[in-house]
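> kindly generate the corresponding structure for this input.
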Amino acid sequence: MPGAIHQFIARKVNHLIETQLVTIKETSNGPTKQLIQDIEQLASRRIQLYGASNHCESDGQFLLKGSYFPGVVPEMAYSEGFISLQTKAEDLIVGSSGHTQLVIGLETGNKQSYKSRLGDQILFD
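This is a model prediction of the structure:
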């Protein structure tokens, strides 16, 4: 279960992508506007991939209306490592037979914490 920080970052990233799509739609020609109108932003949901029990739960997704698989999936890695994020991206793309074309992976966790006190920085391992 993702923590509060993970969920906050996921919501912000999804909102930023959606804001960019609105800007593109407002400044584009007819065919591009139509394509952008057909993109839906969904919150996290379980995606059943090809394979008996192969599934994935993404942090967000953007798909064309009428599609089952999302075309773009933003995925945050706050507590898990980059290798885990990379594996999840591969699983999404391969498990959807290429219908998922882009996974935006963001590693947001920091292995080190800093505490500031009166201008001093103390490094905690």
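> where do the strands sit along the chain?
39-42, 46-48, 55-57, 61-64, 72-77, 102-107, 113-117, 120-124 (DSSP state E).
> OK, contacts around the residue lying closest to Glu18 once chain neighbours are set aside?
In this structure, Glu18 finds its nearest non-sequential neighbour in Gln41, 5.0 Å apart by CB to CB, 6 or more residues apart in numbering. Backbone N, C-alpha and C define where each C-beta goes, glycine included. By CB atoms under 8 Å, 6 or more residues apart in numbering, the contact set of Gln41 is 14, 17-18, 21, 60-62.
> list buried residues within these.
Buried by 16 or more other CB atoms under 10 Å: 14, 17, 21, 60-62, out of the contacts of Gln41.
> nearest residue to the middle of the protein?
By CA atoms, centre = their mean, the chain has its centre lying nearest to Pro74, at 1.3 Å.
> so what pairs up with Glu40 in the strands?
Under DSSP bridges, the beta-bridge partners of Glu40 are Leu63.
> that one touches Gly66, doesn't it?
No. Using CB atoms under 8 Å as the test, Glu40 is too far from Gly66 to be in contact (9.5 Å).
> in terms of neighbours, single out the busier of these two.
Between Glu40 and Gly66, Glu40 has the larger neighbour count (other CB atoms under 10 Å), namely 14 against 7.
> elements contacting the longest helix seen in the chain?
Of all segments of type helix in the chain, defined using DSSP state H, the longest is helix 4-26. Contact partners of helix 4-26 among helices and strands, from 3 or more CB pairs under 8 Å, 6 or more residues apart in numbering; DSSP states H and E: helix 30-37, strand 39-42, strand 72-77, strand 102-107.
> average pLDDT for the second one?
In this model, strand 39-42 has a mean pLDDT of 88.
> distance between it and the chain's centre?
Strand 39-42 sits 12 Å away from the centroid of its parent chain (CA atoms, centre = their mean, to the nearest Å).
> hang on, the earlier thing: any chance of TSV for the buried ones among the contacts of Gln41, columns distance to Thr87 and pLDDT?
Below are the buried ones among the contacts of Gln41 laid out as TSV (distance: CB to CB, whole Å; pLDDT from 0 to 100):
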residue	distance to Thr87	pLDDT
Asn14	22	89
Ile17	23	90
Leu21	28	91
Gly60	19	87
Gln61	18	90
Phe62	21	91
